[in-house]
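[1] for reference, the sequence and a predicted model appear below.
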Amino acid sequence: MNDILRKRDNETDFEWKVRLGVNKVKREVPYVDYDWQELVNILNLECSSDHFRKLSYAYTEYTDYMNQKKIDNVSQETLDEINEKLLEIKKEKVKLQDERNLVNNKIRQMARKESLMDYIKDEIHKLSLEKPMINKFTHNYNSSGNDAVLIASDWHVGLEVENYLNKYNLDICKERLNKLCERSIRYCKLNNVDVLHCCFLGDLLSGEIHNILRLQNQLSLSEQLVVASELVSEFIYNLSKDIKYITVHLIDGNHDRSIQLKNEALDRDTYLGVIREFVKLRIKNLSNVAFVDNTHDDEITTMNVKGHKFAAMHGHNINRSKVSYQMNNMLDSMFDYVLLGHFHQAAEEMQYKCQVITNGSLVGSDMYSKKLKLHTYPMQKLLMVNEEDGVYCSYNIRVD
């Protein structure tokens with residue numbers, strides 16, 4: 001028998017009978033399906049089910065009358081106090097529910113990351129067997145030539161675009177990366193470059209930070225992570241075959257965020273750590289490649305190139321028109337160059353004594369830029385640096 005039908009402690013037989021009868025009339029007890037004869041049997045009454053039903057309607061009418069009388073006798077001040085207490089209780093219930101939802105969301109995100117890591121570890125192992133990355137480049141760490149800085153950002157691997165301005169998918173992404181690699185090597189040889197600093201400035205994958213991206217994406221999130229990480233690794237590997245020495249810098253972008261809602265995401269809620277560990281494992285046997293850890297946090301990296309100070313970030317958390325002031329103030333240092341991604345529009349401008357250099361994107365025009373009538377070519381920037389002049393030459397490498 002359902003517990004709600006049992007007689008309660010300190011409840012008289014009459015009170016028990018009234019309670020069950022009123023509940024049956026008002027149907028206030030959910031999920032308990034019983035008829036009048038069953039109630040008569042449970043209560044052990046010596047009357048018919050029809051008689052008990054009629055009594056129960058009378059009990060209900062009297063109960064309602066007494067309850068209303070009690071309310072009428074209560075002062076308005078007391079009623080206001082009761083309503084205020086009820087409101088507080090409801091508020092606390094909502095807060096508790098919100099906290100529970102937030103905790104459950106965090107648990108889901110953590111479980112998702114753990115499953116992704118397991119999946120990616122398996123993929124790395126398979127790739128290491130199928131496509132090992134090992135070179136035998138004989139290098140000289142004492143640079144006698146120039147340095148170069150390659151700004152690689154906004155690849156948005158996994159995104160699919162098709163409109164009258166542009167077409168982009170995984171196959172086109174790979175074609176464009178091959179062009180970028182070939183031309184970067186050519187320009188580095190032309191400028192007698194010994195050291196190439198590869199700065200990957202975020203948004204390497206399309207991600208799922210907006211619902212509209214789920215519709216535009218060609219690849220699932222787990223596929224994006226593996227494919228983007230492998231494309232970065234292969235890109236570095238191909239460069240390492242022809243360039244004496246390479247440093248690798250990886251930082252965060254907004255599309256790398258692992259939490260969809262920006263306001264609920266912490267700094268560590270990002271897939272960058274997954275990409276970084278993947279790339280580190282894949283390129284660990286390249287003798288002329290060094291992976292450089294970020295100097296401050298995952299949003300900023302700094303470099304000294306031929307005696308000139310560089311700061312690099314994605315750009316989603318800064319004001320581009322004030323970035324030199326913000327960086328110099330935040331890091332308490334005067335930078336000669338600030339490198340940015342994010343904006344998908346190649347640009348170079350002087351802010352006081354600091355040159356701000358903004359990269360393009362590998363995608364080119366997408367749905368967003370088409371909507372705003374902002375057509376742009378797919379391109380990435382390659383900077384040539386020497387001691388005398390700093391950045392003496394910059395290449396806008398178009399890959400369309």
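    Received, thanks.

[2] CA atoms for contacts and neighbours, from now on please.
    Noted.

[3] which stretches of the chain form strands?
    146-152, 161-162, 167-168, 193-200, 245-250, 289-291, 300-305, 308-313, 337-340, 347-351, 354-358, 379-386, 390-398 (DSSP state E).

[4] what strands flank the fifth one, and is each parallel or antiparallel?
    What it means is strand 245-250. strand 193-200 (parallel), strand 289-291 (parallel) (DSSP bridges).

[5] let me know the outermost residue of the protein.
    Within the chain, the residue lying farthest from the chain centre (CA atoms, centre = their mean) is Glu46, at 68.4 Å.

[6] contacts only, for the closest residue to that residue other than its chain neighbours.
    Sequence neighbours aside, Val40 is the residue nearest to Glu46 in space, at 7.9 Å (criterion: CA to CA, 6 or more residues apart in numbering). Shown in contact with Val40 (CA atoms under 8 Å, 6 or more residues apart in numbering): Glu46, Cys47, Ser48, Ser49, Phe52.

[7] state the distance from Val40 to Trp16.
    12 Å (CA to CA, to the nearest Å).

[8] again, but for Leu177
    Taking CA to CA, one finds Leu177 at 79 Å from Trp16.

[9] cool, Lys353 as well?
    For Lys353, the distance to Trp16 - CA to CA - is 87 Å.

[10] Lys7 versus Arg19, what's the distance?
    Applying CA to CA to Arg19 and Lys7 gives a distance of 10 Å.

[11] equivalent analysis for Asn192, please.
    93 Å.

[12] just Ala312 next, same as before
    Taking CA to CA, one finds Ala312 at 73 Å from Lys7.

[13] and those two? Which one has more around it.
    The residue with more neighbours, out of Ala312 and Lys7, is Ala312; 26 against 17, by other CA atoms under 10 Å.

[14] got the contact list for that one?
    Taking CA under 8 Å, 6+ apart as the test, what Ala312 contacts is Cys199, Leu201, Ile300, Thr301, Thr302, Val338, Leu339, Leu340.

[15] let me know the pLDDT of it.
    pLDDT for Ala312: 94.

[16] and what of the one 5 residues further on?
    The predicted structure scores Asn317 at 83 on the pLDDT scale.

[17] hmm, back to that, looking at Lys353 and Trp16 now, which is surrounded by more residues?
    Higher neighbour count among Lys353 and Trp16: Trp16, with 15 against 11, using other CA under 10 Å.

[18] just give the closest residue to that one, not the sequence neighbours.
    Going by CA to CA, 6+ apart, Trp16 has Lys7 as its nearest residue, at 6.0 Å.

[19] from what I can see the one you found touches Lys17, true?
    No. Applying CA atoms under 8 Å, one finds Lys7 not in contact with Lys17, separated by 9.0 Å.

[20] distance of Cys198 relative to Arg19?
    For Cys198 relative to Arg19 (CA to CA), the value is 77 Å.

[21] nope, Asn192 is what I meant
    On the measure of CA to CA, Asn192 and Arg19 end up 94 Å apart.

[22] out of these two, which sits in the busier spot?
    When Asn192 and Arg19 are compared for neighbours, Arg19 comes out ahead with 18 against 15, by other CA under 10 Å.

[23] give the bridge partners for Val385, please.
    So, taking DSSP bridges as the rule, Val385 has Asp147, Val391 as bridge partners.

[24] ok, it - contacts?
    Asn146, Asp147, Ala148, Val149, Val305, Lys306, Val391, Tyr392, Cys393.

[25] drop anything exposed from these.
    Asn146, Asp147, Ala148, Val149, Val305, Lys306, Val391 (16 or more other CA atoms under 10 Å).

[26] contacting residues for the third one?
    Which is Ala148. Taking CA under 8 Å, 6+ apart, one finds Cys188, Val193, Val195, Leu196, His197, Leu382, Leu383, Met384, Val385 in contact with Ala148.

[27] so how far is Tyr392 from the last one?
    Same thing as Val385. Taking CA to CA, one finds Val385 at 6 Å from Tyr392.

[28] Met330 now?
    Taking CA to CA, one finds Met330 at 27 Å from Tyr392.

[29] neighbours of the nearest residue to Leu219 once chain neighbours are set aside, just the number please.
    Distance criterion CA to CA, 6+ apart; nearest residue to Leu219, sequence neighbours excluded, is Gly158 at 4.8 Å. Gly158: 26 surrounding residues under other CA under 10 Å.

[30] so Gly158 sits right up against Asn217, yeah?
    Yes. Using CA under 8 Å, Gly158 makes contact with Asn217 at a distance of 5.4 Å.

[31] what is in contact with these two at once?
    With CA under 8 Å, 6+ apart, Gly158 and Asn217 have common neighbours Ser206.

[32] show me where the stretch 1-150 of the chain has helices.
    13-26, 36-43, 49-72, 76-130 (DSSP state H, counting those that start in this stretch).

[33] got the ones you listed as CSV, with distance to Asn285 and mean pLDDT columns?
    Compiled in CSV, those are given as follows (distance: least, CA to CA, whole Å; pLDDT from 0 to 100):
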stretch, distance to Asn285, mean pLDDT
helix 13-26, 76, 88
helix 36-43, 79, 88
helix 49-72, 81, 84
helix 76-130, 11, 69
